[in-house]
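Q: Just the structure for this:
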Amino acid sequence: MSFFMIFRVALRALGRNKMRTALTMLGMIIGVGAVIIVVAIGRGAEEQITASVQAGGTNLITISAGNWNRGGVSHGMGSSPRLKAVDVEAIRQQVPGAQYLTASVNTRDQVIAAGENWQTRIEGTDVELPLIRFWDVELGTFFTSTDVSSAAKVAVLGSVVRDNLFGEGSDPVGQTIRVRNQSFKIIGVMTAKGSGSFGQDQDDTLFAPYTTVQRKLRGRDGTNISRIMVSARSADEIAGTTAQIEEVLRAQHGLIQGEENDFMVRTQDEMMSMLTSTTGTMTTLIIGIAVVSLIVGGIGIMNIMLVSVTERTREIGLRMAVGAKGQDVLWQFLVEAGALSLVGGLIGVGMGFAVSQALERSPLAWPTSVPPEWVGIAVGFSGLIGLVFGFYPAWKGAQLDPIESLRFE
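A: Model (predicted):
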């Protein structure tokens, strides 16, 4: 018998009991749909994390203050006072792969202006920050090296700070704001940038020279800093530049061999890997659950096919009596099982796409992205499960004796 004829007979048999066929496919539909939805959410989250990290700057290397031990007491990461502005200059002079550098000192405080007040993050930074983070100034200008060296009381606002203090879209350049008992002149407003790599709103920030923040707001002597941001000249130079920075800082801080670093160096790739590891673990776990659902669907197909073989024993005997071979019967039931799983898989893909789009357009605005290769993997796996679990019923039907089958009641 030709394969085309076997295919027609198999589809006709499935069409005779539409409700049972639909319920049998349901397991595959749910399983494949779950795989597509989970992968879409996981990949969407990874892409959002990648975009957030890259929004912080390209080829970025971050050096943070490390642990500080005093009197046998460990004060934890970020507590070391040994990271200083002179370290920035040492890196600039001795690390050729470092293209742009900036010192950073952060604090939070209440900002008052025009009868309004707003608590925000205050970032003391240097003139190369816009170059490192590819962040343009929307209104006015960024501060200069002269402002940094003189600890000038000037400020550049993030768009969220501007909108809450002066009104949405306004131009506050030239006006004055107050932080504690210090007055700052607004010289610029940054363009809107959105969320950062850890979910924080980057626009909810006030920028000022790091020397100003140290001396006027934190009472420091102008040498201690909490972070250095470095932009490597190219992605290929990140690893080498990181190693050179570590070597320079160890020499700057007088650390001997075997002594732990009193600073921490993180690259953009490390930050991205750290942020995506949890997402990847959860995605793998839920995909595992979806695969179990597919296997359960395959068991359902095998169960229904065994029932079908029993119900159609006389039909099988009659076909074999008029010349059909055992392999014809085997192929017929395999085609039925494969059709159930493949059609169920395709419907599941459609359901997965629909739910993914609904999540993206919902008030949650959950980002989703369906990789094309996963569509093929999901459908192919569902078809494979159908053939694997459908083989035993098909083999059992092919082994029936024609005479005994014709006598079956």
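
Q: all contacts plus neighbour counts: C-alpha atoms, from now on.
A: Fine.

Q: Quick check: the gap between the nearest residue to residue 224 once chain neighbours are set aside and residue 64.
A: Using C-alpha to C-alpha, 6 or more residues apart in numbering and skipping the chain neighbours, the partner closest in space to residue 224 is residue 84 (4.6 Å). In this view, residue 84 and residue 64 are 11 Å apart by C-alpha to C-alpha, to the nearest Å.

Q: do residue 34 as well
A: Applying C-alpha to C-alpha to residue 34 and residue 64 gives a distance of 41 Å.

Q: more crowded one of these two?
A: The neighbour count for residue 34 versus residue 64, taken as other C-alpha atoms under 10 Å, is higher for residue 34 (25 against 22).

Q: Break this structure into its domains for me.
A: Taking automatic domain parsing as the reference, the chain has its domains at 3-52+277-407, 81-261.

Q: got CSV for those domains, with distance to residue 60 too?
A: Below are the domains of the chain laid out as CSV (distance: least, C-alpha to C-alpha, whole Å):
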stretch, distance to residue 60
domain 3-52+277-407, 13
domain 81-261, 5
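
Q: Comparing these by mean pLDDT, which bottoms out?
A: Lowest mean pLDDT within those: domain 3-52+277-407, a mean of 75.

Q: So the residue nearest to residue 224 sits against residue 228, correct?
A: No: look at residue 84 against residue 228 with C-alpha atoms under 8 Å: they stay out of range, at 9.1 Å.

Q: For these two, indicate the residue with more neighbours.
A: residue 228 (24 against 20).

Q: wait, what's in contact with the more buried one?
A: Neighbour list for residue 228: 62-64, 88, 101-104 [criterion: C-alpha atoms under 8 Å, 6 or more residues apart in numbering].

Q: how about those residues in JSON lines, adding distance to residue 129 and secondary structure?
A: Listed next are the contacts of residue 228 as JSON lines, based on distance: C-alpha to C-alpha, whole Å; DSSP: H, G, I helix; E, B strand; the rest coil:
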{"residue": "62", "distance to residue 129": "12", "secondary structure": "strand"}
{"residue": "63", "distance to residue 129": "14", "secondary structure": "strand"}
{"residue": "64", "distance to residue 129": "16", "secondary structure": "strand"}
{"residue": "88", "distance to residue 129": "13", "secondary structure": "helix"}
{"residue": "101", "distance to residue 129": "8", "secondary structure": "strand"}
{"residue": "102", "distance to residue 129": "6", "secondary structure": "strand"}
{"residue": "103", "distance to residue 129": "9", "secondary structure": "strand"}
{"residue": "104", "distance to residue 129": "9", "secondary structure": "strand"}
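
Q: Quick check: of those, which lies closest to residue 352?
A: Nearest to residue 352 among those is residue 62, at 39.3 Å by C-alpha to C-alpha.

Q: I figured the closest one hits residue 230, correct?
A: Yes: using C-alpha under 8 Å, residue 62 is in contact with residue 230, at 6.2 Å.

Q: More neighbours: which of these two?
A: residue 230 (31 against 18).

Q: The spatially most central residue of the chain: which element?
A: With distances taken as C-alpha atoms, centre = their mean, the residue of the chain nearest its centroid is residue 46 (1.6 Å). Here residue 46 is covered by helix 18-55, with elements defined by DSSP states H and E.

Q: Quick one: list the elements packing against that helix.
A: When contacts are defined as 3 or more C-alpha pairs under 8 Å, 6 or more residues apart in numbering; DSSP states H and E, helix 18-55 sits against helix 268-311, helix 326-361, helix 372-398.

Q: again, only this time at 10 Å
A: Applying 3 or more C-alpha pairs under 10 Å, 6 or more residues apart in numbering; DSSP states H and E, we find helix 18-55 packed against helix 3-15, helix 268-311, helix 326-361, helix 372-398.

Q: Of all those helices, which one is nearest residue 137?
A: Per C-alpha to C-alpha, nearest to residue 137 of the helices and strands packed on helix 18-55: helix 268-311, 23.7 Å.

Q: ok, and what's touching the host helix or strand of residue 251?
A: Using DSSP H and E, residue 251 sits in helix 238-252. For helix 238-252, the external contacting residues (C-alpha atoms under 10 Å, 6 or more residues apart in numbering) are 59-63, 82-84, 86-88, 90-98, 230-234, 254-257, 259-269.

Q: Straight-line length of stretch 145-164, end to end?
A: Terminal residues of stretch 145-164 are spaced 29 Å apart (C-alpha to C-alpha).

Q: which parts of it are buried?
A: 147-148, 151-163 (16 or more other C-alpha atoms under 10 Å).

Q: That stretch: how far from the chain's middle?
A: How far stretch 145-164 lies from its chain's middle: 32 Å, per C-alpha atoms, centre = their mean, to the nearest Å.

Q: One more: stretch 337-349?
A: 30 Å.
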